[in-house]
Each structure stands twice: as C-alpha cells, then as structure tokens.
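S.K.: need a structure here:
(3 chains, ligands or ions: 1)
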Amino acid sequence: MSAREEILERLRRKASNVEMPGAWQSQRNFPDLAERFTASLTAVRGEVRRAENLEAALVEVGTILEEVSAKTVVANNESPLSDVALAERWPECAWHIVGQSSGDLREFCAGADVGLSGVEAALAETGSLVVHSGVGKSRLATLLPPVHIALVPVSCLAPDIFTWTASRNQEAPMPSNLNLISGPSKSADIEFTLTLGVHGPKRLVAVLYE
Amino acid sequence: MTATLSEFRQRAKTAIEDVRLQGALDGGTGKLWEMRRLTFEELPNSDALRDHFKAIRSATLRNLVEHLETFEKNATAAGANVHWARDGTDAREIVISIAQEHGVKLVTKSKSMATEEIHLNEALAEVGVEAIETDLGEYIVQLAEETPSHIIAPAIHKTRHEAAELLGRESGRSLSPDDLTTLTGEARKLLRKRFLTAGMGISGGNMIVAETGSVVLVTNEGNARMVTSVPPVHIAVVGIEKIIPTWDAAAIWLSLLARSASGQPLSIYTSVITGPSRAGDPDGTGEVHIVLLDNGRSELVGTKYEEVLQCIRCGACLNVCPVYREAGGHSYDSPYPGPIGAVVTPLLLGRENYEALPHASSLCGACKEVCPVRIDLPRMLLELRADQVAERTIPWKERKAEEAGAFVFKHEKLMRFMTNAARLAQRPFSRDGKLHLPQRLNPALERQLPALAKRSFREMWKSGELEEK
Amino acid sequence: MEEVELKMTQSKRVALCVTCLVDQVVPEIGVATVQLLRRAGYEVEFPEAQTCCGQPFFNSGFREQATDLAKRTVEIFEPFEAVVLPSGSCAAMIRVEYPHLLEEWPEWQHRAEELAAKTYELSEFLVNYADWIPRGDFEEIRLTYHDSCHMCRLLGLRDEPRQLLERVGGRISEMSESDRCCGFGGLFSVRMPEVSNAMTAEKLHQACDAGVEALVTSDPGCLTQMRGLTEGSSIKVEHIATVLEEVTR
Ligand code: SF4
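M.R.: Prediction:
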C-alpha cells in the first residue's frame, strides 16, 4: 500500500462526521477605519501618511523618495501605479516597472532602494496590507528593497481579517502568492530586543488616500 | 534524543544553576506572556472565539481524511505536488530525491518544527546538501551547533554576546554585542547572499487550507517569504493535523496564533502559497512540493490523545509553565519542549525514549488556561502516567511503594499503626515539624520534608479534647 | 472549570474531611478548621474511617489504587449533608476528578457526583454557604496569598480566601504571580527535586518581594512544600485556617 493509502485508510476507519461550526462573525465596529488602521500600523513601527486624493498621495511618495535619497525604485505595474508615468515624474531615479522594464527583475529588486506597490485590500484592526502575486505584481518588489511604500485607497479598508475572508470571492482563484503584511520586518530573537529589517523591508510606509 | 528521568534532572539542574539563562527565561517568557494578555484583552469576545475555534479544530480532526483529500485535490489543481510521508524516513527520502533531481547543493530553510522532528538537516548534510536556517534565532542556534529551546523564540537561551561572537565568526568581522542594529544587519547580509544562491527553499507550514490547497506560513522577519519566493523550488513539510477546512476558519487560527505566540494582533507576514508561479507572474518559484507528514499522528486520531492534535504550536503554554521556566527547553531534548512537548514528544517520538516527560509537570494547569485551543494537557499527562503504570514501564520499586501505600490507606487501623511506627523512626531527625535528614538521604535535596506531627488529628479527636465546650 | 451544582446544606451539621496530610503532618490545621466551623455555627463530625482521598495515587497514574480509595471515600462521606476540606486540591479531587475516575461504573459515578455536589473547600464554605462574618476589632495583618493551582484553576476559587482574610484585618499585598505553582505537585516534588525546589524558591522570592511577613495558602501540600525551604528566611508560611482561627478566638 502506498503511504498515501495507508494514512488515508487509517483515518477513514476512524472518521466520523461532526458538524462544523459556521464562520465567526467579526465583532469589530470601528467608527473610523482609517484611524484604526493608522493606529495599528504605527504601533508596530509601520508608517502611515494620509492624503486627500491620489495626486496628493503621489506627492507624499515623492517626499519619501527624497527622504531616503532613493536612486533605484522598483514599482509594481498595478492599480493605481499603472496610470502614473513614474519615470517621467521622478526622472532622477532609475526605475524598474514590473513587466515593462527590461533587465533582470530579481537583480534589480536586490539592489533597489525602494519598492512601490498598490494593495488588494487593507485591514484596519491589524494595520495589514494584502498584496498578491500576478501579472505586473512582483513578490520581490515588496520584499527585497529596504523600503516598501504602498498606495492604499481608503475604500479598500476592511475592518478585520474576518470581514476580509468573508468578502473573499470564492470563484476567483487564489493567486500563487498572497501576503498579509502587518508592519516592517522585525525580530526580537536576540535577548527579546526589537530590531527592524531582518529580511524584509526595514521601513513600511502606507500612503492612505481618499 | 532521549529524556530519562536522570537525564532530564541532570539537564534541568544545569539550567537552574545557570543564572544568566534563568534571567533570560524569566524575562523572555514573562514578556511574551504579558503581551499575550494585553492583546487578548483588546480582542472582543476572545473566550467565545477560543471555544469556537476549538470546536472547529475538533470537528476537523474527526474527519481529517475528507479535508486532506480536499486539500490534495485543490493543491494539485493549483500546480503543487503533494507527497505523503508515513514517517521521517519517507519524508527525508522525498525531500532528498527532489533536491538531487535539481542538483541542489544549498537549501535555505524557514523555521519548521516538522523538519526538526524528522532531523531533516542532518539527512541533507549526509548527501552533501547544506541547509541554512534563516530565522535569526534559528540561524544563531545553528551557528552554535545547538538546537532551539523554545517553539517561537528558538534562541531564548543565547545572549547578545554569544550572538555577536557567532555572527562575527561567520562574517569575519568583529561585531559589538551592544549594537543590535549592526548585528542584525550583518545577519541580513549573510543570509541575503544565501537566499539568492540557494537552489531550493524548505519551510514548514503553520497551516494548510483545504478549500484552496494553500500552505500558510507566518513569520515576523520575512524569511518565509524569502524561502518561498526566491529559490526556484519550494518544499513545505507539514504535519497532517495542521489542516483547516476554510479561509473563514483559517482567519481565526491566524488571529489566535499571533496573539498567543507573541502578543501580536497578527504576525508581520502571513504568506499564503497556492501552487507555483502562474503564467504571467513576474517572479516566484517554479515548483512547489508539499510533504504531508504523518509520523504517528493518524494513530492518535480517535484515541484519548486526539485532542493534542488540535495544537497550533503557538508556544503560549511554554511561557506560563513553571517547569519550563526553570528547566528551560533543552531539558526536554525534543523539538517540542514545555507542556505541549511533554505530551506530544512521547506520543510522536516514542514513549520509551521520553519516560521522564509525563512527569515533568506539577499538573498546575497554567498551560490549559492559556492555550488558545484549551487543550487539556494536564489530563493527558495523567493519562500518559496511567499508561506507564498499566504497561509496567515504571521502576518496580516505585510500583511496590505506591501499591503498599494505597493498601495502607485502605485500612484505617493499619494506617494508624504504620504512621505511629514512622513517628518512632523519625525521632532522631524530627525538629520544628521538619525532617532534618542528612542530604544524601533526603530525596528532596536541600528542601526539608515535613515531619509527622507528634500526635495526629484523629488521635486528638478520639481523645475527646476537641469536643465542643 | 468543572461546573458542579452545589447544594445548600439546610442542617447545621458538616462532616470534616481532614485530609491525610493535615491528619498526620499538620493537625493544627484540622483543629483550627473545627473551631472555625463551630464559630460559624456548625456542628462538626469527623468520620473516623477516613484516610486519603487517593489524589497522590491518581496523580502518579495508579488508577486502580486511586479508584479504590475514591470509592472508599464516597462511602464514608455520602451519608453527610455537607463535607468540608481545609485543602483546595483534595476538594478538587473529589469535586472534579472523582466523577471522571469512576466513569466506568455508572452507579459509582452517580454517587460520586452526589458527593461532589455537597463537597466544599473551607474558605468557599465559610464565605458562600455559612456567610460567616467574624466580628471584632482586628489588628492589621500584612500578608500575601498564594493561590494553589487546583483551587484556583479547577474550582475557580480566588476571591473567597481573600475575602475572609480581609474580613479579619488582612491587608493583602499581591505577589507578581499569585497563582504561579509553588513547586509541590505531589510526588513531582521528590521525583524532580531540582526543578521543584527552584519553583519553590521562585515563589518565596516573590513573596519576599511583596514585602510581607506571612505567606498564606489554603493548601496543606503547598504549605509543607514552601515551609521546607524557609529555613533562615523571615517569611512565615501559614494556612488560612490557622490564621483565621487565631485572630477570631
Ligand atoms: S498546546 Fe496550546 S498553548 Fe501549547 S503550543 Fe499548542 S496551542 Fe499553543
């Protein structure tokens, strides 16, 4: 008998049907999602910048690029970034637009100062960003550079993880890679002292716009 | 790996005498515990959430076969290769053959208890494959050629001085223990190189989700993202009990796991891997393998120990365990230390090898109280002890003593006789209610055992002196 | 926590289950318990056939021996309307463990459940059932209270002993972890003495940090364990019964 059959057979003999409890209903009722999101992400040393609209958000992005003296930036080719002429707007930076620029993406990400992305959703309770892999969406762009800037429209805020899974489109396939990012990379493995940027980005900035 | 009573005692003694380790254990576990308390306070209705989750875990295990089949179907549809391993040998063979097929020489690993359980790194080394742990704590422990001593804080026993020395040796630079940012930066650099050159990534799986065939990995550092995104091949080794039917249920798991483990509302990175990269994905892994590891788990289903399979490996029970907090993780000599380890280690890795572990508890119940799944660990420790008695695997001297003791207590007259005889015998040693035995005769070592009172309560009662006036 | 429906006792008579440890090692706790119950207006009976509730054997895995002693204890105490124990862990043994232990014998299990429903730990009995409110001018006593594991986690009794102590002038200065195990755990304390003693030392350390002279507990097991390591220390370990008895004399 194969290992598979052996294991499954043993389990089959002992299986019984017990009713599975239903989904847990979110108990959260935040008066202001953006406020909770900001508080939560800030509490774990993430940063949040608020902006009136997309244009103002891009101005914020510019400020951050300047702050970190970014020379090389990798950007996902996704909403809302795909509609922005990034390289024209910030010609002083070298850009790699995922799926458009030529050159090795991985190598570029490994050397980039900043990764710029959009999000699929964001969770207010925990200050989390949801990012997917897919066409124009690199996994490494939000992982390898020391700074990750995400453009987050207020409209995509869900109260918590329960409301988010409940609203999941069951028909749409899962992307091959989905990440919930809830702060900058951190470790407390040496004497329980917090340090940032162990493997992932040291800085995570969410630019939250209306 | 073994833990006989004398081995456990010896290792615990060493740990207890290590003042620095004691400070680290107290400080570390205390901090995690306090942070856990705060996040649970902030979570509305957390008690009901825990009950709800327990019901889900319990119902899932009752029909594990169906959920595993659903998982296999969906993971395969997403392009992943699902393998089944009866035991460590099966699992090691599967991993090694994939590595050899791809000519892999270097593997980066993200913290995984299951691979510790089957000693995968050693097996890989034997066939010339180097496996590098990438969780900072595990990396330090690996550099020191030691094993982790806590489920979620593997290097809880190491100081920053030791970390600085180990990392310094590896990078060929002298590093200051007081500059943690530079230390971590050095580890980042060292490991970054490894990530970019590794031929394969190996991870565990915090859970697998049946409805989408996904593997879920949780880290704070981001190393699981690295391991599963940078190398061309990814293998996840996951225990079959780590399955959850739906995403709605997985959300509870994630929420309770992070809160219980480290007092975070969610871990920094929750990575969900559903098959290899798709057409059009700009990067990612070309191949995903999932090794479903049984190694004794299916045997436990349907027994009085089934509940232990509900564990989500959060480590909260370690942090509140007064035995773990004195004895430290290495006393257990198992990838699973603390209260959960005391139960699951004998069950999965052989009762004969770990006879001391069911006794490494005062049955205080703090673990059950803190466990997000409310696993009744004290009850299972009692069951393991009862099994030892039933299987006659305890020393015969102890058995005789217990049997004799019970016989005496069954006969009140005999009890009176025996205790009076003991009163005479203890005379030379008895002072202020304590037995002042010479150290080598004292089973309690430096603690004085209580002496029998000059007169028992029943004697006073019988004499009438306690009558109401 | 196991929910047991506790029956209120109508008559003013209770049986004392003194526990083997109190009987043989610290009888003054038994004497104090008798006095307290009388002061609360009860007539106390002491069934002399009683020995040990079986807990040590149960905890070591000797089920058969524990079962015999459990049945014996059920037989001895079932004729009474209420049973009081000056020990949280023995009370938990009868209340929580007996019904499980005797599961295989439905008849015995039923009897065990009946007994469980009228079994009380001393401070619980005095506060919740006897409604005992001692009167007098009490001097302030500065103390800290150790929650014994089974009493607080299996019986859920945390407030009752504190209420009583406060009623007689106790000013409680809490330890950082009042419910951290004292290291006893029955045979554990001699099977793994290094760990057990380290746990006890930690407990005493916390008590000293609380800045009090007296460490009070409701469990004779914890009491003897902690006393075993107090040589040369200024802290005194006392049982709640003897403390209450002395100040309400
Ligand atoms: S037994 Fe409970 S507390 Fe311990 S690791 Fe498992 S889930 Fe966490």
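S.K.: so is B:Thr212 in a helix, a strand, or just coil?
M.R.: For B:Thr212, the assignment made with DSSP: H, G, I helix; E, B strand; the rest coil gives coil.
S.K.: shouldn't it be in contact with B:Asn74?
M.R.: Yes. If you go by Cβ atoms under 8 Å, B:Thr212 and B:Asn74 touch, sitting 5.7 Å apart. Glycine gets a C-beta too; all of them are placed from N, C-alpha and C.
S.K.: how about the helices in the chain?
M.R.: Reading this off chain A. For chain A, helices defined by DSSP state H occupy the ranges A:3-14, A:33-43, A:54-67, A:86-89, A:105-111, A:161-166.
S.K.: that's the wrong chain, I wanted chain C
M.R.: Applying DSSP H to chain C gives helices spanning C:20-24, C:27-39, C:55-59, C:63-77, C:88-92, C:98-101, C:106-116, C:122-124, C:149, C:159-167, C:188-191, C:193-209, C:220-227, C:240-247.
S.K.: in JSON lines: those helices, plus mean neighbour count and mean pLDDT.
M.R.: Formatted as JSON lines, the helices of chain C follow (neighbours: other Cβ atoms under 10 Å in any protein chain shown; pLDDT from 0 to 100):
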{"stretch": "helix C:20-24", "mean neighbour count": "26", "mean pLDDT": "97"}
{"stretch": "helix C:27-39", "mean neighbour count": "23", "mean pLDDT": "97"}
{"stretch": "helix C:55-59", "mean neighbour count": "24", "mean pLDDT": "97"}
{"stretch": "helix C:63-77", "mean neighbour count": "21", "mean pLDDT": "98"}
{"stretch": "helix C:88-92", "mean neighbour count": "29", "mean pLDDT": "97"}
{"stretch": "helix C:98-101", "mean neighbour count": "21", "mean pLDDT": "97"}
{"stretch": "helix C:106-116", "mean neighbour count": "17", "mean pLDDT": "98"}
{"stretch": "helix C:122-124", "mean neighbour count": "26", "mean pLDDT": "98"}
{"stretch": "helix C:149", "mean neighbour count": "28", "mean pLDDT": "97"}
{"stretch": "helix C:159-167", "mean neighbour count": "20", "mean pLDDT": "96"}
{"stretch": "helix C:188-191", "mean neighbour count": "20", "mean pLDDT": "95"}
{"stretch": "helix C:193-209", "mean neighbour count": "22", "mean pLDDT": "96"}
{"stretch": "helix C:220-227", "mean neighbour count": "27", "mean pLDDT": "97"}
{"stretch": "helix C:240-247", "mean neighbour count": "22", "mean pLDDT": "96"}
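S.K.: let's have those in CSV, adding distance to the ligand.
M.R.: Shown next, in CSV, are those (distance: least, Cβ to the nearest ligand atom, whole Å):
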stretch, distance to the ligand
helix C:20-24, 31
helix C:27-39, 35
helix C:55-59, 20
helix C:63-77, 24
helix C:88-92, 22
helix C:98-101, 21
helix C:106-116, 28
helix C:122-124, 29
helix C:149, 17
helix C:159-167, 26
helix C:188-191, 20
helix C:193-209, 19
helix C:220-227, 25
helix C:240-247, 31
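S.K.: turn those into CSV, columns for distance to A:Ala57.
M.R.: What follows is the helices of chain C, written out as CSV (distance: least, Cβ to Cβ, whole Å):
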stretch, distance to A:Ala57
helix C:20-24, 71
helix C:27-39, 72
helix C:55-59, 64
helix C:63-77, 68
helix C:88-92, 61
helix C:98-101, 62
helix C:106-116, 65
helix C:122-124, 62
helix C:149, 56
helix C:159-167, 54
helix C:188-191, 61
helix C:193-209, 53
helix C:220-227, 62
helix C:240-247, 65
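S.K.: among the ones you listed, which is nearest chain A?
M.R.: Chain A lies closest to helix C:193-209 among these, at 19.3 Å (Cβ to the nearest Cβ).
S.K.: how close does C:Asp137 sit to C:Val168?
M.R.: Going from C:Asp137 to C:Val168 by Cβ to Cβ, to the nearest Å gives 11 Å.
S.K.: so the two - more neighbours on which side?
M.R.: Using other Cβ atoms under 10 Å in any protein chain shown as the criterion, C:Asp137 and C:Val168 rank with C:Val168 on top: 17 against 5.
S.K.: pLDDT wise, what is that one at?
M.R.: Note for C:Val168: predicted pLDDT of 95.
S.K.: just C:Leu6 next, same as before
M.R.: You'll see C:Leu6 listed with a pLDDT of 52.
S.K.: nearest residue to residue 71 other than its sequence neighbours?
M.R.: Picking chain A for this. Of all residues not flanking A:Lys71 in the chain, A:Asp113 sits nearest, at 5.7 Å (Cβ to Cβ, 6 or more residues apart in numbering or on different chains).
S.K.: let's do chain C instead
M.R.: With Cβ to Cβ, 6+ apart as the criterion, C:Lys71 has its nearest non-adjacent residue at 6.0 Å, and that residue is C:Trp108.
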